[in-house]
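all I have is the shape, not the residue letters:
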């Protein structure tokens, strides 16, 4: 390894989105030497795509809100498969993390008396999302970066981690490569925080950017950590569907929070046709009541468009399948209709939803102040991830931590909108804090240079396959995406998922024959080849977990097991890599809910 650049840190953070930046800031504040690796450029993390707001019970708009209500909403939304301790920590600490962000310079929208403004979002009982128009994630990243660069954090941009190194049972470092020059880098670290985001690029239609290839999930899994809840993939109900070049791009839930409604091709507000019993008491009985709710009427109940994302997505799929969809295979999302209610509706929409106005005007030649948008479900988020200890965020591998979307537990079977950004802040801080403490207590381990060298040679193997029969990494990735979209998507059944598993086995064998040409500098074919193992691992994890859970709950809907099953709902599905390389599946019984928290749920049910 003499020719490789080497770096030594107390804490290495992989990922520079909201969770990674917050972890790096906290670890540095505790005196740790911190290295931060980002796959893209600093500032381009997928957190910037989170538009609607950050969920925190500040009670600035409605004083009835509080951590207890937020906790109950999160547990209900997750169908009670959540790790209740994580849900409790999140609800209690989110307000402080938002106020901290404000103190660091975040410019939130304001109430008339100067407090942070909050908006309605699906599954939340009260207006809870602190926001910056519909650009909240961008403001979060800007603020965390501006604060973090003064902490002495070393940043390695356009750098991708391909392997985690261990010393005995604990994590010891990572091998990465520079995407620009193709050179390897060896990182030694006392603790590592994974904050790499999601797995959306395993599906054909996704709101996720190119970075989301399940790197953190697969790295942790191969290092011996357990994965949990991988069957629960969230399909955001509103992504763009036309033109084809922009299919899947996110349309924020904030549109519905500001009064946008969903209609089928006949103009019917179909969401009123199917209201789950769990939410019936909290849902408006009429269109007028729903409108009043979006305008702050405290006596009104939420419109059905603001039910949980899993339910709204399935209702949209139903309309399309039954022939009531739009010309391009979606439904209509209409915010322009509020001109019937507000005299200055166009300016109101542009002020509240500036990014959406610009997005549709530029990409689809649609003026959302005058006409409806065509939308449909898009792969958006995975509730599953690395199984972590709720207070510290450490995985089952000592010294390896995870936070944000690549960690499991908080969201259960379905995530409420806005909880992702507060998740990043709350558990990013905790992961950074406990990673720094672990490194200080356990010191710097040594890495196995031979293991790193072996990994590097495996990574370079595709260049040696330029002669003879080779496979294209792009073709394999595309076939995997189409397989997952068609067979392990919004509606699932056992025969199709069995076909998907067989296809994944075949694709993995083909991936071992991938060949790339050219050199290591600026070589996207090589980058895609290296991503394949991560994508295939995550796809297998999703499929095996979905097969094991023989019920429909939250984001998992099985048409062959359409109802909830109390026995199935009593455990999480956990995966681990066995010594022979196979993926094992087991059930982890839920921990009994603490009595005081159980009382909160019953009181607010």
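Received it, and whenever you're ready, just let me know what you need. Just so it is clear, the model here is predicted, and its values are computed rather than measured.

which secondary structure element is home to residue 191?
strand 184-194 (DSSP states H and E).

list the helices and strands the helix or strand that that strand is followed by packs on?
As assigned by DSSP H and E, the chain's next helix or strand after strand 184-194 is helix 215-222. The elements that helix 215-222 packs onto, with contact taken as 3 or more Cβ pairs under 8 Å, 6 or more residues apart in numbering; DSSP states H and E, are strand 5-14, strand 159-167, strand 184-194, strand 227-228, strand 385-386, strand 400-402, helix 524-548, strand 571-577. From N, CA and C alone the C-beta is placed, and that goes for glycine too.

swap in 6 Å and give it another go.
helix 524-548 (3 or more Cβ pairs under 6 Å, 6 or more residues apart in numbering; DSSP states H and E).

the helix it packs on packs against which elements?
Right, helix 524-548 is packed against helix 215-222, helix 473-487, helix 494-511, strand 571-577, strand 583-589 by 3+ Cβ pairs under 6 Å, 6+ apart.

can we see that at 8 Å?
Helix 524-548 packs on strand 159-167, helix 215-222, helix 473-487, helix 494-511, strand 571-577, strand 583-589, going by 3+ Cβ pairs under 8 Å, 6+ apart.

got the angle for the helix or strand following the first one vs helix 524-548?
Spelled out, it's strand 159-167. Going down the chain from strand 159-167, the next helix or strand is strand 170-178, by DSSP H and E. Between strand 170-178 and helix 524-548, the angle comes out at 140 degrees (axes from the mean of the first three to the mean of the last three Cα atoms, to 10 degrees).

give the pairing partners of strand 170-178; include direction for each.
Here strand 170-178 has these sheet partners by DSSP bridges: strand 159-167 (antiparallel), strand 184-194 (antiparallel).

which outside residues touch it?
Strand 170-178 is contacted from outside by 12, 14, 37, 156, 158-166, 183-189, 191-192, 219, 223, 397-400, 442, 445-448, 452, 455-456, 459, 530, using Cβ atoms under 8 Å, 6 or more residues apart in numbering.

go on, stretch 210-220?
In contact with stretch 210-220 (Cβ under 8 Å, 6+ apart) are residues 14-15, 39-40, 45-46, 160-161, 163-164, 174, 194-202, 206, 227, 230, 382, 385-386, 395, 397, 400, 402, 406, 531, 533-535, 537-538, 541.

and it, what's buried?
211, 212, 213, 214, 215, 216, 217, 218, 219, 220 (16 or more other Cβ atoms under 10 Å).

for stretch 45-65, same thing?
Buried, per 16+ other Cβ under 10 Å, within stretch 45-65: 45-62, 65.

with stretch 500-514 instead?
Within stretch 500-514, the residues that count as buried by 16+ other Cβ under 10 Å are 500, 501, 503, 504, 507, 508, 510, 511, 514.

hmm, back to that, most packed of the strands paired with strand 170-178?
Greatest average neighbour count among these goes to strand 184-194 (a mean of 27), per mean count of other Cβ atoms under 10 Å.

chain center to it, what's the gap?
Distance of strand 184-194 from its chain centroid, counting by Cα atoms, centre = their mean, to the nearest Å, is 23 Å.

same question for stretch 114-128.
21 Å.

list the buried residues for that stretch?
Here stretch 114-128 shows 116-128 as buried, counting by 16+ other Cβ under 10 Å.

can you tell me the SS state at the residue nearest the centre of the chain?
Residue closest to the mean C-alpha point of the chain, counted by Cα atoms, centre = their mean, is residue 381 at 3.7 Å. Here residue 381 is recorded as strand under DSSP: H, G, I helix; E, B strand; the rest coil.

okay, and the beta partners of it?
In beta-bridge terms (that is, DSSP bridges), residue 381 pairs with residue 234.

who's in contact with it?
198, 200, 233, 234, 236, 405, 415, 420.

what is the nearest of those to residue 598?
For those, the minimum distance to residue 598 (Cβ to Cβ) is 21.9 Å, reached by residue 415.

backbone dihedrals for that closest one, both of them.
phi -90, psi 140 (degrees, to the nearest 10).

residues contacting it?
77, 78, 234, 309, 381, 383.

if we use 7 Å, what do you get?
234, 381, 383 (Cβ atoms under 7 Å, 6 or more residues apart in numbering).

same deal with residue 414?
Counting by Cβ under 7 Å, 6+ apart, the residues that residue 414 touches are 77, 78, 79, 232, 234, 308, 309, 310, 383, 554, 555.

inside strands: which ones of those?
Counting by DSSP state E, the part of the contacts of residue 414 found in strands is residue 234.

so who does the residue lying closest to residue 389 once chain neighbours are set aside touch?
In space, and not counting its chain neighbours, residue 389 is closest to residue 395: 7.9 Å by Cβ to Cβ, 6 or more residues apart in numbering. Listed by Cβ under 7 Å, 6+ apart, the contact partners of residue 395 are 220, 225, 386, 387, 388, 401, 402.

go again using 8 Å as the cut-off
220, 225, 226, 386, 387, 388, 389, 401, 402.

and what of residue 594?
If you count contacts by Cβ under 8 Å, 6+ apart, then residue 594 has residue 84 around it.

residue 116 too?
So residue 116 contacts 58, 60, 98, 102, 108, 109, 110, 130 (Cβ under 8 Å, 6+ apart).

among the residues you listed, who's most crowded?
Highest neighbour count within these, by other Cβ atoms under 10 Å: residue 130, with 30 neighbours.

hmm, back to that, want to throw the contacts of residue 116 into TSV with pLDDT, secondary structure and distance to residue 526?
Below are the contacts of residue 116 laid out as TSV (pLDDT from 0 to 100; DSSP: H, G, I helix; E, B strand; the rest coil; distance: Cβ to Cβ, whole Å):
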residue	pLDDT	secondary structure	distance to residue 526
58	98	coil	47
60	97	coil	50
98	98	helix	41
102	97	helix	43
108	96	coil	42
109	95	coil	44
110	96	strand	48
130	97	strand	42
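
reformat those as a markdown table; add distance to residue 550.
Formatted as a markdown table, the contacts of residue 116 follow (distance: Cβ to Cβ, whole Å):
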| residue | distance to residue 550 |
| --- | --- |
| 58 | 40 |
| 60 | 43 |
| 98 | 39 |
| 102 | 46 |
| 108 | 44 |
| 109 | 45 |
| 110 | 49 |
| 130 | 39 |
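
which one among these gets closest to residue 576?
Closest to residue 576, out of all of the contacts of residue 116 and judged by Cβ to Cβ, is residue 98, at 35.6 Å.

tell me the contacts of the spatially closest residue to the closest one that is not a sequence neighbour?
Excluding the flanking residues, the one nearest residue 98 by Cβ to Cβ, 6+ apart is residue 56, at 4.4 Å. Taking Cβ under 8 Å, 6+ apart, we find residue 56 in contact with 70, 94, 95, 97, 98, 128, 130, 422.

residue 551 and residue 560 touch, don't they?
No - taking contacts as Cβ atoms under 8 Å, residue 551 lies outside contact range of residue 560: 10.3 Å.

more crowded one of these two?
Taking other Cβ under 10 Å, residue 551 and residue 560 do not tie; residue 551 has more neighbours (18 against 12).

phi, psi for residue 462 please.
phi -60, psi -30.

and it, how far is that from residue 536?
Residue 462 sits at a distance of 15 Å from residue 536 (criterion: Cβ to Cβ, to the nearest Å).

more neighbours, the two?
The neighbour comparison of residue 462 against residue 536 (other Cβ under 10 Å) goes to residue 462, with 25 against 21.

distance check, that one against residue 525.
Relative to residue 525, and taking Cβ to Cβ, residue 462 is found at 8 Å.

need the residues touching each of those two.
473, 516.
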